[in-house]
Every structure is written in C-alpha cells, then in structure tokens.
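Asks: Model the following, please.
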Amino acid sequence: MALIKEIKGIKPHWGEDCYIAENATLVGDVKMGKGCSVWFNAVIRGDVHYIKIGDNVNIQDGAIVHCTYQKSPVNIGNNVSIGHGAIIHGCNIHDDVLIGMGAIVMDDAVIESNSVIAAGAVVSKNTVVKSGSVYAGIPAKKIKEVDQKILEGEIHRIAGNYKFYSSWYQE
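Replies: So this is what the prediction gives:
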C-alpha cells in the first residue's frame, strides 16, 4: 500500500479509477481527480500548501510535486503527463501538457494548455509558457510550436498510454 499521510488533519483524496503504486507517497492537502496514476517512488507532498490535480493525470516514477509554504500551491489540469524524475514546484499546469523526464518547473510558472516542456528543461520562476509551445533548455526557452503531430503523437498518446498501463496494475 502506498504511503498516504495526513498532516494537520488533512489527508489526500482521489477519484475513482486511480492507480497509486505501492511505494508512492501522498501527503496532506492533495486532491486528485479520476483516472489518474501515481507511479513508483513518486512523491506528492501537500504539507505546506495545497496540490490540486485534475483527471487523467499521470505522475511517473520518481517525480516530485511540492509547493512553497503559504505562497505557491500546485494546480495541474486534465490530461497531463509528468515524466520520470520531473520536479513540479508551486506552479500551474493547464490541460493537455507533457512535462518531460527530469524537467523542473519552478514556483509561479504557468504552463498553458497544449504545451510540452522537454526532458531536462528548467522552467524558471514566474515563466509563462504560452499555449501551444515547446520549451527546452536551461533556462527553458521556446524552441517551436506544438503541431498536430506533437499534440496527438506525444501529449495525447503518452497520457493515453499511462491510463492503459495503470489498468495492468488494477487487475
């Protein structure tokens, strides 16, 4: 069973049809929608502020989701993939977004819908990634627009794959 920890009388909640790996950690003020998956060694720590996660979100192996005390919560929309080893910290991620493996998204950044943050990118504090953008590098900068191939072949495909993969563990 995953580590599900109450802090200051607040415990994590999630919707139906979610998969949470046995060694994932969810702490405090975490609200997650339906059809989500939290993979091995992922940590979602709502101890210093709230974390709100929409539907059909996958938080892959070793990813960390955290906030800044009394300043910067985390809001994640629907149909979002958070890649292996990524760090999501005190930011806002809209719908249909792919955060690549090892990427870091810092406080008060906003990742608008239909966007990709490339593997290893570092999105600095207060950065606004406009809808339909691909950002890469350190610090992350726009490198191109999201086209239909990226939207369907990456953003939607990966979110769908993780929904499928999680079904293997719920049997």
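
Asks: Span of stretch 103-117 from start to end?
Replies: Length of stretch 103-117, first residue to last, Cα to Cα, to the nearest Å: 7 Å.

Asks: Distance from it to the middle of the chain?
Replies: When C-alpha coordinates are averaged (Cα atoms, centre = their mean, to the nearest Å), stretch 103-117 and its chain have centres 10 Å apart.

Asks: same deal with stretch 89-102?
Replies: Offset of stretch 89-102 from its chain centre (Cα atoms, centre = their mean): 5 Å.

Asks: Need the CA coordinates for it. CSV is fine.
Replies: Output of stretch 89-102 as CSV, limited to C-alpha atoms (Å, rounded to 0.1, in the frame of the first residue of the first chain):
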residue,chain,number,x,y,z
HIS,A,89,7.1,23.0,-7.6
GLY,A,90,4.5,25.6,-6.7
CYS,A,91,3.3,26.2,-10.3
ASN,A,92,0.2,26.0,-12.5
ILE,A,93,0.0,23.4,-15.4
HIS,A,94,-3.1,23.7,-17.6
ASP,A,95,-4.8,20.9,-19.6
ASP,A,96,-3.1,18.7,-22.2
VAL,A,97,0.5,19.2,-21.2
LEU,A,98,3.6,17.0,-21.3
ILE,A,99,6.4,17.6,-18.8
GLY,A,100,9.4,15.6,-20.0
MET,A,101,11.6,13.4,-17.9
GLY,A,102,13.9,15.2,-15.5
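
Asks: Counting neighbours, which bits of stretch 68-84 end up buried?
Replies: Buried positions in stretch 68-84, judged by neighbour count with 16 or more other Cβ atoms under 10 Å: 68, 72-74, 76-84. In short, each C-beta sits where N, CA and C put it, glycine included.
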